[in-house]
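Enquirer: structure of the sequence below:
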Amino acid sequence: MMVDFYYQNNKKSPVHEVMITKLATTLATILDLPDKLQVCLYPFLDNVYGGIDKHVPNRFGVNINLSLEQFPKIVIHELIHIHQRHVGLLEIKNGHYYWRKIPYSNKLPEEMSYEEYQNCPWEKDVESRVDKLLTEVLELIKKQHST
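Expert: Have a look, this model is predicted:
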């Protein structure tokens with residue numbers, strides 16, 4: 001897997017790059033992910049942890065200001081969204097979201113409250129899988145380092 005990193009008004013962070021690349025390549029052994037990812041490490045608002053790019057299916061962003069302890073779960077969360085798009089569960093066309101080929105709502109996600117967005121089917125899907133996948137990925141990484 002190839003991972004390209006982009007920065008905005010912040011310094012390059014090899015620690016974050018290694019962590020994200022390891023998480024992504026390990027998760028790719030469990031979930032179908034694209035061969036190439038683009039990761040934006042930007043300083044987002046404090047209440048924004050990460051997000052997928054509406055225009056580029058294999059691009060996501062993570063708030064560079066998060067602690068290193070927070071990063072793995074956020075990265076896995078966003079990678080599950082990348083997987084959803086990669087396999088066609090989640091599609092975004094002209095700003096409209098489709099879940100399993102069905103238009104979700106006339107309301108765009110950026111117009112939704114936090115609670116409304118958390119109830120979107122793609123978010124519920126991620127929340128139902130993120131902890132289990134994070135545990136699996138971390139266990140696989142641990143095994144790779146112990147051999």
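Enquirer: buried residues in the longest helix along the chain?
Expert: For the chain, the longest helix by residue count, based on DSSP state H, is helix 121-146. Neighbour-count burial for helix 121-146, counted by 16 or more other C-beta atoms under 10 Å, picks out Trp122, Glu123, Asp125, Val126, Val130, Leu133, Leu134, Glu136, Val137, Ile141. C-betas here are computed from N, CA, C, even on glycine.
Enquirer: my read is that the last one contacts Thr21, right?
Expert: This means Ile141. No: counting by C-beta atoms under 8 Å, Ile141 does not reach Thr21; the two are 11.3 Å apart.
Enquirer: show me where the protein has its strands.
Expert: Assigned by DSSP state E, the strands in the chain fall at 2-7, 36-42, 50-52, 59-63, 90-93, 96-99, 102-103.
Enquirer: could I get the ones you listed as a markdown table with distance to Ile76?
Expert: Formatted as a markdown table, these follow (distance: least, C-beta to C-beta, whole Å):
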| stretch | distance to Ile76 |
| --- | --- |
| strand 2-7 | 14 |
| strand 36-42 | 13 |
| strand 50-52 | 10 |
| strand 59-63 | 11 |
| strand 90-93 | 16 |
| strand 96-99 | 20 |
| strand 102-103 | 26 |
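Enquirer: can you add mean pLDDT and give those back as CSV?
Expert: Formatted as CSV, the strands of the chain follow (pLDDT from 0 to 100):
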stretch, mean pLDDT
strand 2-7, 97
strand 36-42, 97
strand 50-52, 94
strand 59-63, 97
strand 90-93, 92
strand 96-99, 92
strand 102-103, 92
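Enquirer: any chance of those in a markdown table with mean neighbour count and distance to Met112 as columns?
Expert: Output for the strands of the chain, formatted as a markdown table (neighbours: other C-beta atoms under 10 Å; distance: least, C-beta to C-beta, whole Å):
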| stretch | mean neighbour count | distance to Met112 |
| --- | --- | --- |
| strand 2-7 | 14 | 26 |
| strand 36-42 | 20 | 22 |
| strand 50-52 | 21 | 13 |
| strand 59-63 | 22 | 19 |
| strand 90-93 | 16 | 14 |
| strand 96-99 | 16 | 10 |
| strand 102-103 | 10 | 15 |
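Enquirer: indicate which one of these is closest to His83.
Expert: With respect to His83, and counting by C-beta to C-beta, the nearest of the strands of the chain is strand 90-93 at 9.0 Å.
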